[in-house]
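Asker: One predicted model, sequence on top.
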Amino acid sequence: MINPWLQFLLSAAVIVYAGSRLTRNAALVADKTGISTAWAGALMLPLATSLPELVTTLRAVSIEAPDLALGNILGSCLFNLALLAAIDLVEGRGALSRKLSRGHIITAALSIITVSLAAIAMLDLSLIPVGWVGLESLLIAAVYILGSRLVFRYERRNLAPIEAFEAGGREDQPYHIGLAVVHFVLAAVFIVGAGVLLTDATDRLAALTGVGHSFAGALFLAVSTSLPEIVTTISAVRLGYLDMAVANVFGANFMNFFVLFLADLFYRRGPLLYEVSDVHQLSALMLIILSAVFIFGLVYRSEKGFYRIGFDTVMILTGYLGTLYIIFKFSGNQ
């Protein structure tokens with residue numbers, strides 16, 4: 001059997017390369033079809049970059065590990081928010097939030113609604129299953145479907161198409177949309193395959209540490225399956241598409257909760273969210289708080305910051321690290 005560290009590094013390398021191609025081709029498709037980079041980041045990129053979360057979450061469900069599944073989803077969402085600090089740092093010209101479209105408030109608010117529904121389910125107050133699926137999960141699916149339509153309609157109505165895409169010297173060469181779509185799909189396939197191998201390696205490495213399912217899901221699985229988001233987000237920033245980068249963060253979080261609905265469908269022992277440990281309530285609440293902090297930053301648009309980044313992204317990064325510490329201290333063998 002291949003060394004887990006070697007498997008981890010090789011899989012991560014494949015995801016890094018495929019993720020960069022994913023971003024370039026998503027921008028090309030957006031350019032050729034006349035849609036905005038914000039829409040491409042909010043709905044198009046997450047369909048591919050959230051595939052590792054889908055694979056690993058369903059696998060956790062199949063081995064009847066609901067804490068691992070939910071820890072992966074919530075941990076991935078929190079880590080994605082922490083990426084906002086990385087975006088701010090890479091961009092490096094003052095507070096990030098004052099340079100962005102206010103349209104991100106829509107996807108951020110939709111993410112808050114879905115995580116709030118999940119938090120309600122974890123409180124064991126409603127206990128209204130529909131078959132073997134929780135009512136809250138069905139509401140999450142409905143919010144995702146209706147919310148995606150609202151995001152699309154908003155972007156089409158309010159934002160202009162992106163300007164001509166420049167991809168490594170190809171700006172003066174023809175590049176057919178069909179080829180861009182093929183490359184986008186191929187990159188997504190490589191991400192899925194590498195994501196599965198990466199998760200297997202992470203599971204083996206996590207077993208050596210002896211941490212519980214909640215923390216393993218919130219850190220090891222979440223970070224490893226979020227590699228596509230890291231690569232595509234930073235790549236979008238370097239290409240100058242700040243709105244695409246930030247939209248990918250909140251779009252991925254929004255998509256992750258639809259993945260949670262799918263996990264509930266496949267978990268046949270009953271509503272998944274009714275059987276998880278209480279430590280996940282902290283993750284859910286912090287996800288709500290940190291998303292609200294960024295919404296505040298988008299509205300207030302402060303020109304002041306901390307060194308090269310905004311105060312809102314500093315607060316988000318600090319909140320993420322503090323949440324991980326608390327989960328580690330109290331998760332035990334959950």
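Answerer: It's in. Numbering: from 1, shown residues only.

Asker: can you point me to the longest helix in this protein?
Answerer: The helix of greatest length in the chain, counted in residues with DSSP state H as the criterion, is given as helix 177-209.

Asker: What helices and strands are in contact with that helix?
Answerer: helix 4-33, helix 45-49, helix 51-62, helix 222-225, helix 227-238 (3 or more Cβ pairs under 8 Å, 6 or more residues apart in numbering; DSSP states H and E). All C-beta atoms are positioned from the backbone trio N, CA, C, and that covers glycine.

Asker: Show me what the fourth one is in contact with.
Answerer: Outside of helix 222-225, the residues that reach it under the criterion Cβ atoms under 8 Å, 6 or more residues apart in numbering are 8, 12, 52-53, 56, 71-72, 74-76, 78-79, 195, 198-199, 202.

Asker: Ile2: which of those is nearest?
Answerer: Taking Cβ to Cβ as the measure, Ile2 lies nearest Phe8 of the contacts of helix 222-225, at 9.9 Å.

Asker: Leu186: neighbour count?
Answerer: A count of neighbours around Leu186, defined by other Cβ atoms under 10 Å, yields 14.

Asker: contacting residues for Arg59?
Answerer: When contacts are counted by Cβ under 8 Å, 6+ apart, Arg59 touches Thr199.

Asker: cool, and the one 5 residues further on?
Answerer: Contact partners of Glu64, counting by Cβ under 8 Å, 6+ apart, are 267, 269.

Asker: That one sits in which helix or strand?
Answerer: Secondary structure assigned from DSSP states H and E places Glu64 in neither a helix nor a strand.

Asker: can you tell me how far it sits from Glu275?
Answerer: According to Cβ to Cβ, to the nearest Å, Glu64 and Glu275 sit 10 Å apart.

Asker: Then Ile63?
Answerer: For Ile63, the distance to Glu275 (Cβ to Cβ) stands at 14 Å.

Asker: quick one, which of those two is more surrounded?
Answerer: In this comparison of Ile63 against Glu275, neighbours counted by other Cβ under 10 Å, the higher total goes to Glu275 at 16 against 9.

Asker: Mind listing the shared neighbours of Glu64 and Glu275?
Answerer: Shared contacts of Glu64 and Glu275, defined by Cβ under 8 Å, 6+ apart, are found at Arg269.

Asker: Report all helices and strands that the helix or strand containing Ile288 contacts.
Answerer: Counting by DSSP H and E, the secondary-structure element that holds Ile288 is helix 279-300. The elements that helix 279-300 packs onto, with contact taken as 3+ Cβ pairs under 8 Å, 6+ apart, are helix 66-91, helix 104-122, helix 242-266, helix 311-331.

Asker: can you pull the pLDDT of Phe257?
Answerer: Phe257 carries a pLDDT value of 93.

Asker: which parts of stretch 318-330 are buried?
Answerer: Of the residues in stretch 318-330, 319-320, 323-324, 327-328 count as buried by neighbour count, 16 or more other Cβ atoms under 10 Å.

Asker: any chance of those in CSV, with pLDDT too?
Answerer: Formatted as CSV, the buried residues of stretch 318-330 follow (pLDDT from 0 to 100):
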residue, pLDDT
Gly319, 93
Tyr320, 91
Thr323, 89
Leu324, 85
Ile327, 79
Phe328, 78
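
Asker: Check what pLDDT Ala263 gets.
Answerer: Looking at Ala263, the pLDDT reads 92.

Asker: wait, Ala108
Answerer: Predicted confidence (pLDDT) at Ala108: the value is 92.
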